[in-house]
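Q: Fold the stuff below for me.
(one chain, ligands or ions: 1)
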Amino acid sequence: MLFLNHLWEYVVTSLPGLLIPSSVSFTEISSYTACRQLSQMFLAVAFFHSSEYILAVAFHGRSNVTLKSLLISKNYLLTMIFSFLEYGVEIVLFPGLKEHWWMSNTGLALVVIGEIIRKSAIITAGRAFTHLIKVHHEEHHRLVTHGVYRFVRHPGYSGFLIWSVGTQIMLCNPISTVAFATVVWKFFAERIPYEEYFLKWFFGSDYEEYGRQVHSGVPFVK
Ligand SMILES: C[S@@+](CC[C@H](N)C(=O)[O-])C[C@H]1O[C@@H](n2cnc3c(N)ncnc32)[C@H](O)[C@@H]1O
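A: Sure thing, here's the model as predicted:
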């Protein structure tokens with residue numbers, strides 16, 4: 001037990017020094033890094049969810065929108081909490097990992113690109129973009145194939161995949177980057193065939209033809 005205590009003390013005190021140059025103060029660097037990366041993360045998350053809610057209210061009316069339109073589920077909260085825990089552990093034990101600014105800035109660029117793609121999809125599809133998949137055809141529901149939908153069939157999902165993985169690259173979180181990519185990809189790989197079953201039912205050969213010409217927008221999902 002005493003040995004483990006010494007080992008832990010050694011790891012915590014000397015590892016940071018091995019990973020970043022000794023001429024600069026470890027606490028100074030890591031507090032600036034943590035402050036900047038975590039503020040970017042909070043801003044990205046706050047902007048994403050509040051704009052989802054505002055757009056849902058704008059297109060569907062306040063009475064048809066619930067807090068579910070903030071898109072905060074239990075699983076989503078758990079993955080976010082895990083990513084903050086990973087960040088906390090790594091900035092203490094391996095602060096050098098968080099100093100890869102080219103990687104963090106690439107993540108930030110992906111967050112912005114993903115957000116633009118997703119919001120363009122919501123604005124282009126308008127009332128057709130519902131957070132719950134429609135299983136009954138409604139009069140006003142028209143097939144959307146213009147704007148961002150000309151390039152991919154599921155720009156809202158492509159945008160979210162890029163945004164969510166981007167948040168973890170921005171935090172230089174290796175485990176959460178792989179976890180977010182896997183979990184979000186799997187979720188959309190299962191959701192797309194289900195959503196398209198109804199779209200083919202609503203729009204028949206028009207959707208079949210659209211599906212033949214335009215990729216889904218999610219890697220490895222046709
Ligand atoms: C959460 S939105 C996602 C839309 C799309 N999958 C995307 O990623 O941009 C789900 C709703 O959009 C509708 N939808 C999906 N693609 C559509 C299209 N090309 N035209 C009209 N409605 C569409 C579906 O019927 C479903 O109710």
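Q: Contact partners for the residue in the chain that the ligand sits nearest to?
A: Per Cβ to the nearest ligand atom, residue 156 is where the chain lies closest to the ligand, at 2.9 Å. For the C-beta atoms, the positions are set from N, CA and C on the backbone; glycine is no exception. Contacts here follow Cβ atoms under 8 Å, 6 or more residues apart in numbering; on that basis residue 156 touches 118, 121-122, 125, 129.
Q: Spatially, which two of those are the most separated?
A: 118 and 125 (11.0 Å; Cβ to Cβ).
Q: out of the two, which sits in the more crowded spot?
A: residue 118 (25 against 20; other Cβ atoms under 10 Å).
Q: give me the element that one is part of.
A: helix 101-125 (DSSP states H and E).
Q: Output the contacting helices and strands for that helix.
A: Contacts defined by 3 or more Cβ pairs under 8 Å, 6 or more residues apart in numbering; DSSP states H and E place helix 101-125 against helix 26-60, helix 155-170.
Q: After the first one, which helix or strand is next?
A: The helix or strand immediately downstream of helix 26-60 is helix 74-93, counting by DSSP H and E.
Q: any idea of the mean pLDDT for that following helix?
A: If you average the pLDDT over helix 74-93, you get 93.
Q: and it, what other elements does it pack with?
A: helix 2-19, helix 26-60, helix 174-213.
Q: can the ones you listed go into JSON lines with extra columns for mean neighbour count, mean pLDDT and distance to residue 81?
A: As requested, these are exported to JSON lines (neighbours: other Cβ atoms under 10 Å; pLDDT from 0 to 100; distance: least, Cβ to Cβ, whole Å):
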{"stretch": "helix 2-19", "mean neighbour count": "11", "mean pLDDT": "48", "distance to residue 81": "23"}
{"stretch": "helix 26-60", "mean neighbour count": "15", "mean pLDDT": "90", "distance to residue 81": "12"}
{"stretch": "helix 174-213", "mean neighbour count": "15", "mean pLDDT": "96", "distance to residue 81": "11"}
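Q: give the contact list for the residue nearest the centre of the chain.
A: For the chain, the residue nearest the mean C-alpha position is residue 164 (1.4 Å; Cα atoms, centre = their mean). Residue 164 makes contact with 114, 180, 184 under the criterion Cβ under 8 Å, 6+ apart.
Q: So which bits of this structure are right by the ligand?
A: For the chain, the contact set with the ligand under Cβ under 6 Å from any ligand atom comprises 121, 125, 128-131, 133-134, 143-144, 149, 154-157, 195, 198-199.
Q: Separate out the buried members of these.
A: 121, 125, 128-129, 144, 149, 154-157, 195, 199 (16 or more other Cβ atoms under 10 Å).
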